[in-house]
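[1] Sequence plus the predicted model coming up.
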Amino acid sequence: MGVRGGRRVSGRRPARRTARRRVRRRSRKRDERIALLGGGVVVAVGVVMAAVRWLLGHWWLLVLIVALASAVGGFWLQRGRQRAEWQRVRARSLRLRIAEMDALDHRAFEFAVRDLMRRDGCAAERIGGAGDDACDVRATDPAGRIWAVQCKHRRDGDRGSAVGVGVLQQVNGTARQVHGADVAVVLTNGRFSSKAVPWGREHRIHLVDRRVLGEWAAGSRPLWELLDRIPPPRRPRHDPDQKGSWAK
C-alpha cells in the first residue's frame with residue numbers, strides 16, 4: 001500500500017479491475033454465442049415454415065413424391081422376396097456330382113455340405129475354421145436332431161490319404177459334449193482306413209465316404225435315409241410331402 005497525490009492507493013485494485021474486465025469479456029462472448037444460436041434457430045424455423053408453405057401450395061408434388069417412394073419401396077421389397085424364393089428353389093434343386101465335389105477346395109467343400117443339408121430341409125451353418133472343435137457344419141434336421149459334421153476333403157478323391165481313427169477320436173470328444181449333437185458325422189470325398197470303420201461303429205460316429213457322399217449329393221435321398229442307426233426324431237414330422245421313415 002502507498003500514497004499517491006495525497007491519496008492512499010491499494011496494490012490490489014489493478015488485479016480487481018483485470019478480473020472484472022475478464023468477467024465482462026466472458027459475458028460478452030456468452031451473449032454473442034446466445035445471439036448466434038438464437039439467430040440460427042430463427043433462420044431454421046423460417047426455412048422450415050417457408051418449405052411447409054411451399055409444399056402446401058404444391059401439395060400435388062408431395063403426393064407424387066410419396067407415391068414414388070412407395071413404388072420404389074414396393075419394388076425393392078418384391079425383388080427381395082423374389083431373391084429369397086429363387087434361393088429356396090435353387091436350394092431344393094441342388095444337385096452335385098462327385099467330380100464337382102472333388103474340384104472344390106476344403107472351404108468350398110464345407111459350404112457345399114452346408115447347402116446340401118439345407119436342401120434337405122435342415123437349418124445348417126458352416127462353422128469350420130480355427131477353433132471349430134472338430135465340427136465344420138452344424139445342422140438341425142426336420143426331426144429336431146442336431147448334426148455335427150466334420151468334413152475331410154481330399155484333392156485326389158479315394159486315391160488320397162485315408163481318413164484315420166485320429167479324426168474320429170477328435171469328433172468323438174467334441175460332437176456331443178461341445179456341440180450337443182445327436183448325430184456325429186465324419187464326411188469325406190475320399191475313403192476311411194480299415195481301422196476307422198469299426199472304431200466309428202463302436203463309438204457311434206457315422207462315416208460318409210465317397211460312395212455315400214456321391215449318392216447324397218446327387219439328390220436321391222436325405223442323408224439320414226442313407227445312414228444306419230440314426231437316433232429317433234426329437235419332434236414329430238410335419239411335412240406331408242416327405243415320405244419314408246427318419247431312421248433306418
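    On my side now, so go ahead. Keep in mind the model is a prediction, meaning the values are calculated, not measured. Numbering: from 1, shown residues only.

[2] State the helix or strand in which the residue most central in space within the chain lies.
    In the chain, the residue lying closest to the centroid (CA atoms, centre = their mean) is residue 125, at 9.4 Å. Taking DSSP states H and E as the definition, residue 125 sits inside strand 123-126.

[3] Name the SS class of the closest residue to the residue nearest to the centre of the chain other than its chain neighbours, please.
    With sequence-adjacent residues excluded and distances taken as CB to CB, 6 or more residues apart in numbering, residue 125 is closest to residue 138, at 5.8 Å. C-betas here are computed from N, CA, C, even on glycine. Per DSSP: H, G, I helix; E, B strand; the rest coil, the local secondary structure of residue 138 is strand.

[4] Report the contact partners of residue 138.
    For residue 138, the set of contacting residues under the criterion of CB atoms under 8 Å, 6 or more residues apart in numbering consists of 124, 125, 127, 146, 147, 148, 149, 179, 181.

[5] The second one and residue 188, how far apart?
    In other words, residue 125. Shown here: residue 125 relative to residue 188, a distance of 20 Å by CB to CB, to the nearest Å.

[6] what's the burial count for residue 27?
    Neighbour count for residue 27, taken as other CB atoms under 10 Å: 10.

[7] how distant is the helix or strand hosting it from the center of its chain?
    Using DSSP H and E, the secondary-structure element containing residue 27 is helix 13-57. In this view, helix 13-57 has its centroid 49 Å away from the chain centroid, taken as CA atoms, centre = their mean, to the nearest Å.

[8] Tell me the helices and strands packed up against it.
    Under the contact criterion of 3 or more CB pairs under 8 Å, 6 or more residues apart in numbering; DSSP states H and E, helix 13-57 touches no helix or strand at all.

[9] can you pull the contacts of the nearest residue to residue 126 once chain neighbours are set aside?
    Nearest in space to residue 126, with sequence neighbours left out and distances taken as CB to CB, 6+ apart, is residue 114 at 4.5 Å. If you count contacts by CB under 8 Å, 6+ apart, residue 114 has them with 124, 125, 126, 137, 139.

[10] secondary structure class for residue 231?
    Taken by three-state DSSP, the conformation at residue 231 corresponds to coil.

[11] Pull the contacting residues for the nearest residue to it once chain neighbours are set aside.
    Leaving aside its sequence neighbours, residue 231 sits nearest to residue 182 (CB to CB, 6+ apart; 4.9 Å). Residues counted as contacts of residue 182 (CB under 8 Å, 6+ apart) are 145, 146, 147, 231, 234.

[12] No more questions from me, cheers.
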